[in-house]
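> need a structure here:
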Amino acid sequence: MTPQAPLSRATFAADMNITDHGLLDRLDVYLAHLRKWQRAINLVGPKTLSDPWRRHILDSAQLVSCLPKHGPIKIADLGSGAGLPGLILAIMTGADVHMIESDQRKATFIREGARLTETDVTVHVQRIEDAPPLNADVVTARALAPMDRLLPWVYRHLKNGGKSLLLKGAEAEEELTLTAKQWTMKTSRKRSLSDGSGTVLIIDDLAPVTDV
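Numbers count the residues shown, from 1 in each chain. Next comes the predicted model:
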């Protein structure tokens with residue numbers, strides 16, 4: 001099987017119908033920042049930096065089409081790590097993005113990345129379960145934890161009627177099955193644009209099951 005060629009900035013822009021070169025420049029600044037800091041701390045899998053526009057920018061940017069189309073929105077990004085997908089969504093949409101990251105070094109990376117890309121975000125240096133509920137319109141998370149651990153965190157920070165957008169791997173269906181006794185929800189799925197085995201899991205009406 002022939003290895004997939006790295007995704008270029010130009011192909012990403014064409015595929016996502018982006019004509020704003022200033023926005024693309026800011027994404028380039030983020031990637032340069034990521035490469036520099038990766039030498040000192042482990043932010044992403046080292047092999048992913050051979051194809052960063054696909055593995056990190058496209059992987060995050062594909063969530064833009066899933067966001068609510070009306071009015072300003074508040075996004076809570078859980079376990080932001082290298083700022084993915086939260087910082088990329090903030091760069092691309094200007095949404096009010098709150099990023100929860102308990103690791104001080106990673107939080108510093110995100111704040112510096114926001115400064116370099118001239119992007120307004122709020123970084124909460126706390127454990128997800130300890131941070132005050134953010135009452136967000138949308139909660140995002142990227143490969144953060146199995147669904148049985150993840151859903152209580154999502155529910156904590158999601159407002160009533162909000163939606164969650166979770167970037168998951170091939171294990172998503174099995175993990176969902178294991179949560180059926182604890183949670184009710186409406187789910188839909190989109191095949192990941194960046195990873196053939198990945199899924200964008202879209203969850204609405206998330207609620208814990210209550211015993212009658």
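
> Please count neighbours and contacts with C-alpha atoms only from this point.
OK.

> I'd like the average pLDDT over the lengthiest helix in the chain.
Taking DSSP state H as the criterion, the chain has its longest helix at helix 21-38. Helix 21-38 shows a mean pLDDT of 98.

> ok, now which ones touch residue 157?
Contacts for residue 157 were tallied using Cα atoms under 8 Å, 6 or more residues apart in numbering; they are 76, 132, 133, 134, 135, 136, 139.

> Where strands are concerned, which of those residues count?
Using DSSP state E, the members of these that fall in strands are 76, 136, 139.

> Looking at neighbours, which among those residues is most surrounded?
Sorting the ones in strands among the contacts of residue 157 by how many neighbours each has (other Cα atoms under 10 Å) puts residue 139 first, at 29 neighbours.

> how about low-confidence regions in this structure?
Low-confidence segments of the chain (pLDDT under 70): 1-2, 211-212.

> Can you tell me the centre-most residue of it?
Nearest to the geometric centre of the chain sits residue 85, at 2.8 Å (Cα atoms, centre = their mean).

> Nearest residue to that residue in space, please, no chain neighbours.
residue 60 (4.5 Å; Cα to Cα, 6 or more residues apart in numbering).

> before we move on, what SS does the one you found have?
Following DSSP: H, G, I helix; E, B strand; the rest coil, we place residue 60 in the helix state.

> quick one: it and residue 88 touch, right?
Yes. In this structure, residue 60 is within contact of residue 88 by Cα atoms under 8 Å, at 6.3 Å.

> Turn the contacts of residue 157 into CSV, including distance to residue 181.
CSV is the format used below for the contacts of residue 157 (distance: Cα to Cα, whole Å):
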residue, distance to residue 181
76, 26
132, 26
133, 24
134, 26
135, 25
136, 25
139, 22
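
> what's the farthest-apart pair in those residues?
Across the contacts of residue 157, the longest distance by Cα to Cα is 14.1 Å; it joins 132 and 139.
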